[in-house]
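Asks: What follows is a predicted protein model with its sequence.
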Amino acid sequence: LTERECEAIENGGGEFKEITSETRVSVYLIIPGWFPFTVKSTERTGRFVVNQVVSQVVPRFLSQLATDYAVWATGDDSRAASANGMFDVDVEE
């Protein structure tokens, strides 16, 4: 949880609840015989890409979930779809 989320929980009183997640991703790929790279190098590259995507999307999703829950817990029953940059790509320069 971020510092802001912890402060919101402390100010709200009541029991502390923690949001945890476990993510599993399975990818199946059929590699044609003419493909110029080995299966092992393709698997390694694919594993790296999937790990990078999951490591960026899951924390954003949990943050959005915590924000939505905080709004809902105040009694606001309105619902609005919001991705808030969840699927933006962070690239180190």
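Replies: Yep, it's here.
Asks: Please make it C-alpha for all contacts and neighbour counts, starting now.
Replies: Fine.
Asks: And residue 44, how far from residue 61?
Replies: Look at residue 44 and residue 61: by C-alpha to C-alpha, to the nearest Å, they are 26 Å apart.
Asks: So which of these two has more stuff around it?
Replies: Using other C-alpha atoms under 10 Å, the more surrounded residue of residue 44 and residue 61 is residue 61, with 16 against 11.
Asks: And whatever helix or strand the more buried one lives in, what's buried?
Replies: Under the assignment given by DSSP states H and E, the secondary-structure element containing residue 61 is helix 39-73. Buried residues in helix 39-73, counting neighbours by 16 or more other C-alpha atoms under 10 Å, are found at 57, 60-61, 63-64, 66, 70.
Asks: Rebuild the residues you listed as a markdown table, extending it with pLDDT and distance to residue 36.
Replies: Below are the buried residues of helix 39-73 laid out as a markdown table (pLDDT from 0 to 100; distance: C-alpha to C-alpha, whole Å):
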| residue | pLDDT | distance to residue 36 |
| --- | --- | --- |
| 57 | 84 | 31 |
| 60 | 84 | 36 |
| 61 | 83 | 37 |
| 63 | 82 | 41 |
| 64 | 83 | 41 |
| 66 | 81 | 45 |
| 70 | 80 | 51 |
